[in-house]
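Participant: Here is the input, now give the coordinates:
(one chain, ligands or ions: 1)
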Amino acid sequence: VRRADVVVVGGGPAGSSAAWALVRRGLDVVVIDRQRFPRDKVCAGWITPPLVHGLELDLGAYARGRVLQPIRGFTVAMEDGGETAADFGRVVSYGILRRELDHFLLLRSGAELFTGEPLREIRRDGRRWVVNDRWSAPWVIGAGGHFCPVARRIGARPGGAEPMTIRASEMEVPLPPAQRSWAGVDPELPWIRFTRDLRGYGWVVRKGDWLNVGLGLQGGTAFPRRLEGFLDGLHREGRLPPDVAGALRGHAYLLHPESPRRVADDGLLLVGDAAGLAFRPSGEGIRPAVESGMLAAAAIAAVPGAELASVARRYEDSLIARFGPRAGRVRRGPADLLPGPWRAPVIRRLLASRAFARRVVVGRWFLRQDLPALDPPPEARPGRLAVAARSL
Ligand SMILES: Cc1cc2nc3c(=O)[nH]c(=O)nc-3n(C[C@H](O)[C@H](O)[C@H](O)COP(=O)(O)OP(=O)(O)OC[C@H]3O[C@@H](n4cnc5c(N)ncnc54)[C@H](O)[C@@H]3O)c2cc1C
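Facilitator: Down below sits the predicted model:
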């Protein structure tokens, strides 16, 4: 059995960021993932500048041979008609392909990687966890996404008793050469259309020569019918290039304020979708995945050899301090505050205002400009913390 300081289960943005932040502090980290990389992940794939800062991403290097679509804002539309361009006139976000970003981050993490390795078994051996009878560590970080087996181990019941707060489906297709001049959506102003009740939105995003089209709904009632209606509407309105077709793939995940999941117990820490951390109301999950990975790493490294319970508490407190409190149940959305008959007209009026669309919808809801970036993790003298952790 290979002894490490931390075993991370799942090599998506949450797991790779946790691993990177731990390795930078001198810890010895193993990451396992059931898939071989590069692998696809159902996602629209927009990321924001605070993520670039926190991860110290060198965008010039990243863009070499990869898709990095600058985004200046969003075109915000309503189901009942009307749309407003919320253009910031500067780059406020980027479109990426998840198979590229996730692969890049995982390789860069500096951890020892085992891909094509699903978590099969996890058991206690004194003060350490033994994973698949191959690796052991005092800490296991569960970064396996919404259905993470480590999350189940500490009580998560995906699809069962817990609310499935977001259901989303999309297709991501390369545009054939004949379609590359298609100008239906400005690549720098991706198009999003809110549902009447503001409990979800559809999107058409062009990233380089790729097109990503999808719909995400909170609660997900009658999802297949609404998805079909949304796609039919796009075809009717000519918002999709002709002949573009791809398989729709769906996924579910939880929003932070509503997630009932515990995030840590007995040397197990959950990060990203495993903990249910996506931002409300945008459903942005990559930034909270990355930041929770960095916070989990900080909690583990803060007091090497600390009691399991105090690390768990430190991690929980840091999540609440950063992302706010959790209610553990579905909460009312902003639109629910309005009486029924007023809802659609008021929302339509608000969204038609360029200032509201820019400042509130895009600036606050989508870009989370109110939440400053986390600083990158410190680089410790290699080995210093690792020695302390290994003594557990
Ligand atoms: C349709 C859709 C569109 C979205 N669009 C956006 C967007 O534009 N921007 C944004 O910020 N967020 C978006 N999100 C949310 C975002 O995709 C997630 O929040 C984010 O991927 C969470 O990252 P993660 O690392 O926690 O999990 P994941 O990215 O799901 O990674 C989990 C990893 O764990 C591995 N794994 C799973 N089970 C096991 C196991 N048993 N053993 C070992 N490994 C395992 C998986 O193979 C995977 O590599 C979208 C989500 C959906 C569904």
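
Participant: buried residues in the helix or strand encompassing residue 231?
Facilitator: Using DSSP states H and E, residue 231 falls within helix 223-236. Using 16 or more other Cβ atoms under 10 Å as the test for burial, helix 223-236 gives 223, 226-227, 230-231, 234. For the C-beta atoms, the positions are set from N, CA and C on the backbone; glycine is no exception.

Participant: now, among the residues you listed, which is nearest to the ligand?
Facilitator: Taking Cβ to the nearest ligand atom as the measure, the ligand lies nearest residue 227 of the buried residues of helix 223-236, at 10.9 Å.

Participant: From the contact counts, what lies against the helix holding residue 231?
Facilitator: Helix 223-236 sits against strand 166-174, strand 200-207, strand 210-218, with contacts defined as 3 or more Cβ pairs under 8 Å, 6 or more residues apart in numbering; DSSP states H and E.

Participant: Residue 76 belongs to a strand, doesn't it?
Facilitator: Yes. Under DSSP: H, G, I helix; E, B strand; the rest coil, residue 76 falls within a strand.

Participant: How many neighbouring residues does whichever residue of the chain sits closest to the ligand have?
Facilitator: Using Cβ to the nearest ligand atom, the single residue of the chain nearest to the ligand is residue 285, 1.8 Å away. Neighbour count for residue 285, taken as other Cβ atoms under 10 Å: 25.

Participant: what residues are up against it?
Facilitator: By Cβ atoms under 8 Å, 6 or more residues apart in numbering, residue 285 lies in contact with 43, 253, 272-273, 277-279.

Participant: what do you get for residue 378?
Facilitator: With Cβ under 8 Å, 6+ apart, residue 378 has these contacts: 24-25.

Participant: now stretch 216-223: mean pLDDT?
Facilitator: Here stretch 216-223 scores 83 as its mean pLDDT.

Participant: ends of that stretch, how far apart?
Facilitator: Its start and end residues considered, stretch 216-223 measures 9 Å (Cα to Cα, to the nearest Å).

Participant: if we can go back for a sec, and the contacts of residue 285, which two are the farthest apart?
Facilitator: By the measure Cβ to Cβ, 43 and 277 form the most distant pair in the contacts of residue 285, at 14.7 Å.

Participant: and the two? which has more neighbours close in?
Facilitator: For residue 43 versus residue 277, neighbours defined as other Cβ under 10 Å are more numerous around residue 277 (28 against 24).

Participant: I figured the more buried one was touching residue 322, is that so?
Facilitator: No. Taking Cβ atoms under 8 Å as the definition, residue 277 is not a contact partner of residue 322, at 9.7 Å.

Participant: returning to what we had before: who touches the helix holding residue 231?
Facilitator: Under the criterion Cβ under 8 Å, 6+ apart, residues 167, 169, 193, 195, 202, 204, 213, 215, 217, 239-240, 248, 250 lie in contact with helix 223-236.

Participant: let's see it at 6 Å
Facilitator: 167, 169, 202, 215, 217, 240 (Cβ atoms under 6 Å, 6 or more residues apart in numbering).

Participant: By neighbour count, sort out the buried ones in the residues you listed.
Facilitator: Taking 16+ other Cβ under 10 Å as the criterion, what is buried in those is 167, 169, 202, 215, 217, 240.

Participant: a markdown table please, covering those and showing distance to residue 16.
Facilitator: Shown next, in a markdown table, are those (distance: Cβ to Cβ, whole Å):
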| residue | distance to residue 16 |
| --- | --- |
| 167 | 26 |
| 169 | 25 |
| 202 | 29 |
| 215 | 28 |
| 217 | 29 |
| 240 | 33 |
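
Participant: Show me which of the residues you listed is closest to residue 300.
Facilitator: residue 167 (32.9 Å).

Participant: ok, what's across the strand from that closest one?
Facilitator: Per DSSP bridges, the residues bridged to residue 167 are residue 217, residue 252.

Participant: these two touch, right, it and residue 251?
Facilitator: No. Applying Cβ atoms under 6 Å as the test, residue 167 and residue 251 come out as separate, 8.0 Å apart.

Participant: Contacts only, for residue 212.
Facilitator: Counting by Cβ under 6 Å, 6+ apart, residue 212 makes contact with 44, 172, 205.

Participant: Give me the subset of those residues that also touch the ligand.
Facilitator: The subset of these within reach of the ligand, by Cβ under 6 Å from any ligand atom, is residue 44.
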